[in-house]
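S.K.: Fold the following and give me the result.
(5 chains)
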Amino acid sequence: MYIGKVIGTVVATKKDNRLIGSKLMIIQPLNIELLPIEEPIIAVDTVGAGIGELVIIVKGTAARIAAQKMESPIDISIVGLVDEINI
Amino acid sequence: MYIGKVIGTVVATKKDNRLIGSKLMIIQPLNIELLPIEEPIIAVDTVGAGIGELVIIVKGTAARIAAQKMESPIDISIVGLVDEINI
Amino acid sequence: MYIGKVIGTVVATKKDNRLIGSKLMIIQPLNIELLPIEEPIIAVDTVGAGIGELVIIVKGTAARIAAQKMESPIDISIVGLVDEINI
Amino acid sequence: MYIGKVIGTVVATKKDNRLIGSKLMIIQPLNIELLPIEEPIIAVDTVGAGIGELVIIVKGTAARIAAQKMESPIDISIVGLVDEINI
Amino acid sequence: MYIGKVIGTVVATKKDNRLIGSKLMIIQPLNIELLPIEEPIIAVDTVGAGIGELVIIVKGTAARIAAQKMESPIDISIVGLVDEINI
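M.R.: Residues are numbered from 1 along each chain as shown, chains lettered A, B, ... in the order given. This is a model prediction of the structure:
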């Protein structure tokens, strides 16, 4: 699991039918000081995350589990909103 | 999921039989400013993407789901055409 | 499998229901000289690891096996506490 | 899928029994200008590739699908010979 | 598949029960000139590899196949001893 920030959305009209209804959010990966690391990626929202929110994302099969869409071509999903990071 | 641009195609006459009929597109991964990041990779087209189009790609099992060919040796697929990136 | 050190925890109140009860630990990946490498990541604890402890982590499906929660959106877990590194 | 060039072979007499009969080729990953990128890796040949040939490789479960050996510990395979790269 | 050298072992008394009996070896990833690349990782031995030996490792599900422990939280395993690298 990785920490990121929702910084936008992607609109794709022509896409795999099984992605219809999945909100595609642009996520800026962050380190634990909340500084950007790596390039932004696209994740399916599963918890109602809004722009600017800190989120936890997962990759691979875990992303389809999160979306409860095992037959959808999803490889990254948001699974939670970060309330606190305790170091 | 990742953003990329279709920049070409690969022709492979001698290949796994289960790849016959799958169009192999060369994808330049892009960041959200649409600048190139990383080296190009090869993805199976599942949405009718053309050269120059912005696409969303997925990796791993999600790529076989996208292609609806779970028994084909595919690890990256195009799953949608990008209409808008809203930051 | 990779070596890391538990350096904190993440609190996420709004999250996938199947993550309830899973403790989310912040792990600093370390090399075998125990120096930090890469940015910290978040792992589910499965062995009762505490802050400051050296741990072994796994990624992907192995992380769900470790958590004994195959239907939970987990992609990194702690699977052991490091007693000795013998070089 | 990724482009590479077959640059050698690896001989391993003592190995997992399920790898017997799988030819282990050393692959130099290439970019689309056919310049080397990253360090060479080892892939199972599934198409009769020879030294010096340009090939397409896949990773993960796709590699076991390519080898038609789902119960063999394979994580990278050659799935085709590259005839043309059209940019 | 990747080439590495066994450079040590890790002892973990408190760990997932399903790892009991699996020998955890520290592997230094090597390139084909046998020079170190990347940081060492931990792999389960499945072929009786000793310290200083050159080995082939696999990652992901292939690692559990190698260990013949599909229900064990393993993500990297040794699958063979390297006799020769022919370039």
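S.K.: May I see the buried residues of the biggest strand by length in chain A?
M.R.: Longest strand of chain A, by residue count under DSSP state E: strand A:2-11. Applying a neighbour-count criterion of 16 or more other CB atoms under 10 Å in any protein chain shown, one finds A:Tyr2, A:Ile3, A:Gly4, A:Lys5, A:Val6, A:Ile7, A:Gly8, A:Thr9, A:Val10 buried in strand A:2-11. Glycine gets a C-beta too; all of them are placed from N, C-alpha and C.
S.K.: In CSV, list the C-alpha atoms belonging to that strand.
M.R.: This file holds the C-alpha atoms of strand A:2-11, laid out as CSV (Å, rounded to 0.1, in the frame of the first residue of the first chain):
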residue,chain,number,x,y,z
TYR,A,2,1.1,3.5,-0.8
ILE,A,3,0.2,7.0,0.1
GLY,A,4,-1.0,9.5,-2.5
LYS,A,5,-3.0,12.6,-3.0
VAL,A,6,-6.0,12.9,-5.4
ILE,A,7,-5.1,15.7,-7.8
GLY,A,8,-7.5,15.3,-10.6
THR,A,9,-9.7,13.0,-12.8
VAL,A,10,-9.4,11.4,-16.2
VAL,A,11,-12.4,11.2,-18.6
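S.K.: That one pairs with which strands?
M.R.: If you go by DSSP bridges, strand A:2-11 pairs up with strand A:24-29 (antiparallel), strand A:54-59 (antiparallel), strand B:84-86 (antiparallel).
S.K.: Who does the closest residue to chain C within chain A form a beta bridge with?
M.R.: Nearest residue of chain A to chain C (CB to the nearest CB) works out as A:Gly80 at 3.1 Å. Legend: beta-bridge partners of A:Gly80 under DSSP bridges are A:Ile56, C:Lys15.
S.K.: show me the contacts for it.
M.R.: Shown in contact with A:Gly80 (CB atoms under 8 Å, 6 or more residues apart in numbering or on different chains): A:Val47, A:Val55, A:Ile56, C:Ala12, C:Lys14, C:Lys15, C:Asp16, C:Leu19.
S.K.: again, but for A:Pro36
M.R.: A:Pro36 touches A:Gln28, A:Pro29, A:Leu30, counting by CB under 8 Å, 6+ apart.
S.K.: Verify the contact between the first one and A:Ile3 for me.
M.R.: No. In this structure, A:Gln28 sits apart from A:Ile3 without contact. The criterion is CB atoms under 8 Å, and the distance is 9.9 Å.
S.K.: what about the closest residue to A:Ile32 other than its chain neighbours, how many neighbours?
M.R.: Leaving aside its chain neighbours, A:Ile32 sits nearest to C:Pro40 (5.1 Å; criterion: CB to CB, 6 or more residues apart in numbering or on different chains). Applying other CB atoms under 10 Å in any protein chain shown, we find 23 residues neighbouring C:Pro40.
S.K.: Good, we can wrap up now.
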